[in-house]
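> okay, sequence plus prediction incoming.
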Amino acid sequence: MRQENWIEFRRTTPVVLEADVVVVGGGPAGVAAAVGAARVGASAVIVERDGWLGGQAADIFSISPWQFIDEDLNWVVGGITREIFLRTAGLGGCDYLWETVPGQIPPPEGAEKPFEVIGNGWAAQHEAEGLLHWRDAVVEPQSLRFALHQMCDEAGVRLLLDSTVAGAMMEENRIVGVLIEFRGQRFGIRGRVVVDATGHGDVAVQAGCYAENYTTLARQGFTRSRGYAGAHSRVCNVNFEETLAYMRGRPDQWRLGWGGAPEATADQIAAMVRLGNTVTISGFPELRWRAVQENPEYRVVGRRAETLETPEGHLVFSYHGDGLVDLWSRSRKVIDLLDPVEFSEIEADIRKVHWLTQCLYRGYIPGFQNSHMLGVATHVGTASSRRVAVEYTQTRQDLTEGTHYDDVVGRAIGHDWHVVAKYRGFEIPYRALLPKGVDGLLVTGKSAGEFIHCVATVACTGHAAGVAAGLAARASRTPRELDVTLLQNTLLGQGAVL
């Protein structure tokens, strides 16, 4: 195909809304940012591409206590981030651990801990309930969506839904708003400070910030991240008792979790399920291999992509009770998440894999023969697409050594739980949210650093950025000019853990 550039002519765009803080992205990070800004007295608006809040986080079953609480049962992530997820749990439909454990943490001084976290955060041994699956004790996605809308309503945050960011409004090197597209029309949203909560640094790049492609960095050996993409599908009407019967008869064919979790028996799994604890099961290599031999298309189903054509490949699913299961499928090759053609191809491929996965389970896995697919997540979840150049880029050494920063604005755990839990997580410096070369802008989440990845960590950066944006806007300053001590004290007043 011939490559060329298309020249766009200058246009006049009507500015239809103005706020102190404009947040682009309506996931947990964006909501934490907007609510945080509103609570310091700033007007805030969220620009969201979907017709409701939640983003990728509300598509997946992966927001668990291990993202918030360390091995000594202390809250690591606090503030609005913690509030979002405890409120979600309070709406019901969430895992047993979310409904019972948060009220006990931290345990009263001198009291016996309610449980011990084991297996590098994969499980917990409860003093009364026995073994529990800690890492996948999820919140219910639709409850999360409602909680986010509820909090925005209460804080007076305005929403611009079904609106896609199309550009940055710039005055020299300062961003003063964003351009959006809605129903084939373009509008301007003016703001004193803009928070980029897109997950890919979309606003930062359009504002002229320098950013690196994670895929390029990976190929140069600078990062472990290599264009990760995947999505959940939801399956109903699973007879898990039949699945358990197979597991009791073939204990060699399955395990709890998919690596790192302690060993469990089928009876322990049954006890977890009775409590309402989500369990993730992996294995069934013989059944998968039988399916592959009978239909070669099934080679794409399962984990361990390097051995998909051998008996060592295995299946993974999470059981949430009441016959509900979610299945995870991911891209089959390293991709550039910033290439629209390549990403579209892999996204379509993931949808195909989900259908084949359901067909395999329905045809070969006990308990799934009468199951039905409810649907596949709207978004393909991604990690490692773009890293914006910020004033300070955290390193793995910072995490493993528990580096302290004078400008700390949050504390998180992330996917490196087993490495950093002993330090009560890792600190996030304010400098990591300030992009180089552009004023009036704060970045959050994955684009701000390689280790800012899981939902709780991303939302933690959103809370800090939103409060900073609100304070800066109210003082007619840029975020870079903000008094960090004032920011830290305000965050502590909103329940953040520093």
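Arrived safely, thanks for sending.
> I figured Val205 hits Arg386, correct?
Yes: look at Val205 against Arg386 with Cβ atoms under 8 Å: they come within range, at 7.0 Å. Heads up, the C-betas are built off the backbone N, CA and C, glycines and all.
> what touches both of these two?
With contacts defined as Cβ atoms under 8 Å, 6 or more residues apart in numbering, the residues adjacent to both Val205 and Arg386 are Ala211.
> longest strand in this structure, please.
When the chain is scanned for its longest strand (criterion: DSSP state E), the result is strand 185-196.
> let me see the ranges of the strands in the stretch 301-450 of the chain.
For the stretch 301-450 of the chain, the strands defined by DSSP state E, counting those that start in this stretch occupy 315-321, 324-330, 372-376, 381-383, 386-388, 408-412, 426-429, 441-443.
> meant to ask about the stretch 1-150 of the chain, not that
15-24, 44-47, 115-118, 123-126, 130-133.
> and the last one, which residues are buried?
Put plainly, it is strand 130-133. 131-133 (16 or more other Cβ atoms under 10 Å).
> repeat that for the fourth one.
Buried residues in strand 123-126, counted by 16+ other Cβ under 10 Å: 123-124, 126.
> the helices in this structure, which residues?
Taking DSSP state H to define them, one finds helices in the chain at 28-38, 79-90, 96-100, 141-155, 202-206, 214-219, 240-249, 266-275, 285-294, 340-364, 396-400, 417-420, 455-474, 484-493.
> ok, the closest residue to Gly93 other than its chain neighbours to Gln125 distance?
Distances taken as Cβ to Cβ, 6 or more residues apart in numbering put Glu140 closest to Gly93, at 3.7 Å, once the chain neighbours are dropped. Using Cβ to Cβ, to the nearest Å, one obtains 25 Å as the distance from Glu140 to Gln125.
> try Lys436
Spatial separation of Lys436 from Gln125 under the definition Cβ to Cβ is 47 Å.
> please apply the same query to Thr12.
From Thr12 across to Gln125, the span is 65 Å (Cβ to Cβ).
> related to what we said a few turns ago, now the longest strand of the chain: average pLDDT?
Taken as a whole, strand 185-196 has a mean pLDDT of 97.
> picking that back up, pick the most deeply packed of the helices of the chain.
Using mean count of other Cβ atoms under 10 Å, the stretch among these with the greatest mean number of neighbours is helix 28-38 (a mean of 33).
> what helices and strands are in contact with that helix?
The helices and strands touching helix 28-38, judged by 3 or more Cβ pairs under 8 Å, 6 or more residues apart in numbering; DSSP states H and E, are strand 15-24, strand 44-47, helix 79-90, helix 141-155, strand 185-196, helix 455-474.
> what is the last one packed up against?
Applying 3+ Cβ pairs under 8 Å, 6+ apart, we find helix 455-474 packed against strand 15-24, helix 28-38, helix 79-90, strand 185-196, strand 408-412, strand 426-429, strand 441-443, helix 484-493.
> can you tell me which of the ones you listed is nearest to Ala155?
Ranking the helices and strands packed on helix 455-474 by distance to Ala155, with Cβ to Cβ as the measure, places helix 28-38 first at 3.9 Å.
> can I get the closest one as PDB, trimmed to CA atoms?
Taking Å, rounded to 0.1, in the frame of the first residue of the first chain, the C-alpha atoms of helix 28-38 are listed here in PDB:
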ATOM      1  CA  PRO A  28     -10.900   4.400  37.900                       C
ATOM      2  CA  ALA A  29      -7.900   6.700  37.300                       C
ATOM      3  CA  GLY A  30      -9.900   9.400  35.600                       C
ATOM      4  CA  VAL A  31     -12.700   9.200  38.200                       C
ATOM      5  CA  ALA A  32     -10.300   9.400  41.100                       C
ATOM      6  CA  ALA A  33      -8.700  12.400  39.400                       C
ATOM      7  CA  ALA A  34     -12.000  14.200  38.800                       C
ATOM      8  CA  VAL A  35     -13.400  13.500  42.200                       C
ATOM      9  CA  GLY A  36     -10.200  14.400  43.900                       C
ATOM     10  CA  ALA A  37     -10.200  17.800  42.000                       C
ATOM     11  CA  ALA A  38     -13.800  18.400  42.900                       C
END
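> that helix vs strand 15-24, what angle?
Between the axes of helix 28-38 and strand 15-24, defined by axes from the mean of the first three to the mean of the last three Cα atoms, to 10 degrees, the angle is 110 degrees.
> what is the mean pLDDT for helix 28-38?
Here helix 28-38 scores 97 as its mean pLDDT.
> quick one: that helix to chain centroid distance?
Helix 28-38 has its average C-alpha position 15 Å from the chain's average C-alpha position, going by Cα atoms, centre = their mean, to the nearest Å.
> and that helix with strand 185-196, angle?
Using the same axes, to 10 degrees: helix 28-38 against strand 185-196 is 80 degrees.
> would you mind getting the angle between helix 28-38 and helix 484-493?
Computed by the same axes, to 10 degrees, the angle between helix 28-38 and helix 484-493 is 110 degrees.
> run the angle between helix 28-38 and helix 141-155 for me.
On the basis of the same axes, to 10 degrees, helix 28-38 is oriented at 20 degrees to helix 141-155.
> contacting residues around Thr444?
When contacts are counted by Cβ under 8 Å, 6+ apart, Thr444 touches 25, 29-30, 33, 195-197, 433, 458, 461-462, 465.
> tally of neighbours for the closest residue in space to Asp162 that isn't next to it in sequence?
In space, and not counting its chain neighbours, Asp162 is closest to Gly51: 5.3 Å by Cβ to Cβ, 6+ apart. When neighbours are defined as other Cβ atoms under 10 Å, Gly51 has 8 of them.
> need the pLDDT of Pro311.
Spelled out, the predicted local distance difference test score at Pro311 is 78.
> no no, Arg224
In this prediction, Arg224 has a pLDDT value of 48.
> tell me which residue is most central in the chain.
In the chain, the residue lying closest to the centroid (Cα atoms, centre = their mean) is Val455, at 3.2 Å.
> and Thr357, which of the strands of the stretch 1-150 of the chain is closest to it?
Thr357 lies closest, by Cβ to Cβ, to one member of these: strand 130-133, at 21.4 Å.
> show the average pLDDT along the closest one.
Strand 130-133 shows an average pLDDT of 94 in the prediction.
> next: stretch 414-428.
Along stretch 414-428, the predicted local confidence has a mean pLDDT of 70.
> now swap in stretch 366-374 and tell me
Regarding stretch 366-374, the rounded mean pLDDT is 96.
> can you measure across that stretch, start residue to end residue?
Separation of the first and last residues of stretch 366-374 by Cα to Cα, to the nearest Å is 19 Å.
> which outside residues touch that stretch?
Contacting residues not belonging to stretch 366-374 are listed as 233-246, 323, 325, 354-355, 358, 361-363 [Cβ under 8 Å, 6+ apart].
> over to stretch 294-304?
Under the criterion Cβ under 8 Å, 6+ apart, residues 258, 282, 288, 291-292, 308-309, 312-316, 329, 332, 353, 356-357, 359-360 lie in contact with stretch 294-304.
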